[in-house]
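1. when you get a sec, could you give me coordinates for this:
(one chain, ligands or ions: 1)
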Amino acid sequence: MCGIFGAISDNHNILPTLLNGLEQLEYRGYDSAGIAFISNGRTERIRAVGRVENLRNEASRYQGSIAIGHTRWATHGGVSVENAHPHQSHHLMIVHNGIIDAYEEHKKRLIQKGYAFESETDTEVLAHLLHEATLNNADLISAVKQVIATVTGNYALLVMDQNDPTSLIATAQGCPLILGLKDDTTFIASDIAAIIPETNRLIYLEQGDCVIMQAGNIAYFSNQAEQVLSPIAISEKIQISDLSIEKLDIGHYTHFMLKEIFEQPHVIEKTALKAITQQFDPELFGEKAVTLFPQVKHIQILACGTSYFAGMVAKYWIESIAKIPTHVEISSEYRYREVLIEDGTMIVTISQSGETLDTIEAKKHAEENGAFASLAICNVKESVLPRTSDCRLYTEAGIEVGVASTKAFTTQLTALFILANALAKSQGKMDETTLSKHLQMLRELPAMIAQSFNCQEIASQWGTLLLNAKSTLYLGRGIHFPIAAEGALKLKEISYIHAESYPAGELKHGPLALVDDQMPIIALLPHDDLFEKVRANLHEVLARKGKLFIITDSKVPLDDLKGAHIMHVPEVSCALSPILLTIPVQLIAYYAALVRGEDIDKPRNLAKSLTVE
Ligand code: F6R
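-> Here you go, the predicted structure:
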């Protein structure tokens, strides 16, 4: 959430590049945006509520070769120009992601010292703290180090000083920052997407690192060390990214969400590739997995939102394939309760971003209460969760720009299926036949997903039928209930139609009262062991005149369910059916939002990657 981008160049106008980069970051927050730069020796600041686009007119009047920028998702303080970054204290301008703990205390003290505040943000507190520190430090980098030694929180920070138009200073304290190095220009961003159009030579800052950036040059202080790193040490940190600008492009698609839905066969194949060649070898999860996996007696999964639904599916796989008792909990609930952790419990965190604060804190809570090992399933390389876990498997979804998660979810499911099999293998609980059968399922999965795109036309018709719906109900049972829940989340996120999900067998215990001839009900009816049970539940709905939409792979005629809309998907009767049934629910949500004219890639009030509570 929130995006930082800054650049310093040797005498050429960097402002158009800054605005383009900020637009790439908008998916991380888009309530408001702002930039600050030095032009003809003067600091200028342009801020606006809404999109980066709203800065372009005014910015086009200036030139500047040093600049910082920010896209905001409001946390401390509402959506207003005053609360938009950059924030100023005298000659300093700063942009910031994350949170500063107990910032009100600092604010009280600073007000007593005569500092005036124009915003409600913790960032402005940080700006004044920095200015205060410059008064008793010889240079800005020493002032920055003093401030980061006194404040706590998870944050990333970028500072521009009018008194030194040749440098920017950046530090990462638990939130991501990436340096981009190009001949005469140095970039910094909270996300690779802003930098890749300019350069693929990157350095990922580690917790506590500070950098002085100059045009085509950097001074790098590792974890607040006094000495700068040598050029050799810096060159060892440089990574060459294989991400290309084309991959960030929307191509011929109308929305990134649709593009990302259609990328799923490819990214699932990439995620499964090594697992197939290494036949579910525990080492896929890192060296430590080889010794840790055989000791696992219980699993506690922690995640939020869509990632939590992936965890709910994983429980079925881990318990049925690896026979390890598994609990799944929402991170924001788990972190604040007394937990009882059984001996031999491994924590599994699931996160697209790897920086969701609730999941990071829930993991710490579990570790403090006795979990013996941790494992992260994550999409963003080197982010907090995989970096701080004993074992990890990266999903290969690539950058997910649409705020509503699609390919990140199905690659998480793929990784979790691999985990269930790797655990079973390491504990000697899987025979050769099952192992080969599961490997074959993984091999076939991308093609099956590609086939399931056949439902696109019907999904689009159903989207239109949902146009005036006020509320919807999603039903599923067993391992498919989490997919119903994911379908409901997708629909409400991007179309703003209220959607609730229920295990179909629970209908009669309450929600059936909601059903009338206005209520669309979207039901997953795969041909599995619960088929007849769900079919009976759907009769209960029809008897109350509910508008029924059924997604099924059944070859059994469903003539008894008269009046229901029926979508046939390819036969999915295998352990991986939850992944296949995700495609129709993603497409239904997409088309429902499309027909309502909503901003699909940037739904209101939301942001990608939640680094605050
Ligand atoms: C929904 C969505 C969110 C995220 C949740 C967790 O489409 O994207 O519900 O799944 O905020 O984020 P990560 O996976 O980054 O921890």
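2. any idea how many residues pack against Ser9?
-> If you count neighbours by other C-beta atoms under 10 Å, Ser9 ends up with 22. Yep, even glycine has a C-beta here, placed from its N, CA and C like the rest.
3. what's across from Phe221 in the sheet?
-> For Phe221, the beta-bridge assignment (DSSP bridges) gives partners Cys210.
4. and for the residue in the chain that the ligand sits nearest to, nearest residue in space, chain neighbours not counted?
-> Here the chain gets closest to the ligand at one residue, Gly305, 1.9 Å apart by C-beta to the nearest ligand atom. Leaving aside its chain neighbours, Gly305 sits nearest to Leu489 (6.9 Å; criterion: C-beta to C-beta, 6 or more residues apart in numbering).
5. host element of that neighbour?
-> helix 481-495 (DSSP states H and E).
6. ok now that helix, how far from the chain's centre?
-> 16 Å (C-alpha atoms, centre = their mean, to the nearest Å).
7. which stretches in the stretch 1-150 of the chain count as strands?
-> 3-9, 32-39, 42-49, 66-72, 87-89, 92-98 (DSSP state E, counting those that start in this stretch).
8. can you redo those strands as JSON lines with distance to the ligand?
-> Shown next, in JSON lines, are those (distance: least, C-beta to the nearest ligand atom, whole Å):
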{"stretch": "strand 3-9", "distance to the ligand": "15"}
{"stretch": "strand 32-39", "distance to the ligand": "21"}
{"stretch": "strand 42-49", "distance to the ligand": "24"}
{"stretch": "strand 66-72", "distance to the ligand": "17"}
{"stretch": "strand 87-89", "distance to the ligand": "26"}
{"stretch": "strand 92-98", "distance to the ligand": "14"}
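9. mind listing what Val556 touches?
-> Neighbour list for Val556: His527, Phe531 [criterion: C-beta atoms under 8 Å, 6 or more residues apart in numbering].
10. check Phe221 too.
-> Ile141, Lys145, Asp209, Cys210, Val211, Gln227, Val228, Leu229.
11. could you report the neighbour count for the second one?
-> By that I understand Lys145. Other residues close to Lys145 by other C-beta under 10 Å number 21.
12. how about the fourth one?
-> Summarising burial for Cys210: neighbours were counted as other C-beta under 10 Å, giving 23.
13. on that earlier part again, and the pLDDT at the residue nearest to Gly305?
-> If you check Leu489, the pLDDT there is 97.
14. show me where pLDDT drops low in the stretch 151-300 of the chain?
-> 224-225, 246 (pLDDT under 70).
15. now the strands for it?
-> With DSSP E, counting those that start in this stretch as the criterion, the stretch 151-300 of the chain has strands spanning 155-161, 168-173, 178-182, 185-189, 201-204, 210-214, 217-221, 239-240, 298-303.
16. adding distance to the ligand, write those strands out as TSV.
-> Shown next, in TSV, are the strands of the stretch 151-300 of the chain (distance: least, C-beta to the nearest ligand atom, whole Å):
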stretch	distance to the ligand
strand 155-161	16
strand 168-173	18
strand 178-182	17
strand 185-189	18
strand 201-204	17
strand 210-214	26
strand 217-221	28
strand 239-240	22
strand 298-303	6
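17. put together CSV for the ones you listed, with distance to Ile66 on each row.
-> As requested, those are exported to CSV (distance: least, C-beta to C-beta, whole Å):
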stretch, distance to Ile66
strand 155-161, 6
strand 168-173, 7
strand 178-182, 15
strand 185-189, 10
strand 201-204, 19
strand 210-214, 9
strand 217-221, 13
strand 239-240, 25
strand 298-303, 40
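18. quick one, which of those strands is nearest to Thr410?
-> Nearest to Thr410 among the strands of the stretch 151-300 of the chain is strand 298-303 (14.9 Å), distances taken as C-beta to C-beta.
19. could you say what helices and strands that closest one packs with?
-> Here strand 298-303 touches helix 305-317, strand 326-330, helix 331-334, strand 345-351, helix 357-368, going by 3 or more C-beta pairs under 8 Å, 6 or more residues apart in numbering; DSSP states H and E.
20. who touches the first one?
-> Pointing back at helix 305-317 there. 301-303, 326-328, 330-331, 348, 350-352, 356, 359, 377, 405, 408-409, 412-413, 416-417, 419-420, 478-479, 481-483, 485-486, 489, 575, 578.
21. so where's this structure shaky on pLDDT?
-> 1, 224-225, 246, 572-573, 607-613.
22. ok, of the contacts of Phe221, which one's closest to Ala7?
-> Val211 (13.2 Å).
23. contacts only, for the closest one.
-> Val211 neighbours (C-beta under 8 Å, 6+ apart): Ile169, Ala170, Thr171, Leu179, Ile188, Leu205, Ile218, Ala219, Tyr220, Phe221.
24. going through these, which ones are buried?
-> Burial by neighbour count, 16 or more other C-beta atoms under 10 Å: within those this picks out Ile169, Ala170, Thr171, Leu179, Ile188, Leu205, Ile218, Tyr220, Phe221.
25. which stretches in the stretch 51-200 of the chain count as helices?
-> 53-59, 103-112, 122-134, 140-150, 192-195 (DSSP state H, counting those that start in this stretch).
26. who in this structure is up against the ligand?
-> 304-307, 351-353, 356, 359, 404-405, 489, 493, 609-610 (C-beta under 6 Å from any ligand atom).
27. now that we have these, which one has the most neighbours?
-> Ser351 (33 neighbours).
28. three-state assignment of Ala523?
-> strand (DSSP: H, G, I helix; E, B strand; the rest coil).
29. contact partners for Arg535?
-> Arg535 neighbours (C-beta under 8 Å, 6+ apart): Leu525, Leu558, Asp560, Leu561.
30. just the element for it, please.
-> Secondary structure (DSSP H and E) places Arg535 in helix 531-543.
31. skip ahead from that helix and say which helix or strand is next.
-> strand 547-552.
32. report the angle between that next one and helix 531-543.
-> If you take axes from the mean of the first three to the mean of the last three C-alpha atoms, to 10 degrees, strand 547-552 sits at 160 degrees to helix 531-543.
33. pull the CA atoms of strand 547-552 into PDB?
-> Extracted in PDB, the C-alpha atoms of strand 547-552 (Å, rounded to 0.1, in the frame of the first residue of the first chain):
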ATOM      1  CA  LYS A 547     -32.400 -17.200  -8.900                       C
ATOM      2  CA  LEU A 548     -30.000 -20.000  -9.300                       C
ATOM      3  CA  PHE A 549     -26.700 -20.000 -11.200                       C
ATOM      4  CA  ILE A 550     -24.900 -23.300 -11.200                       C
ATOM      5  CA  ILE A 551     -21.300 -24.000 -12.100                       C
ATOM      6  CA  THR A 552     -20.800 -27.700 -12.700                       C
END
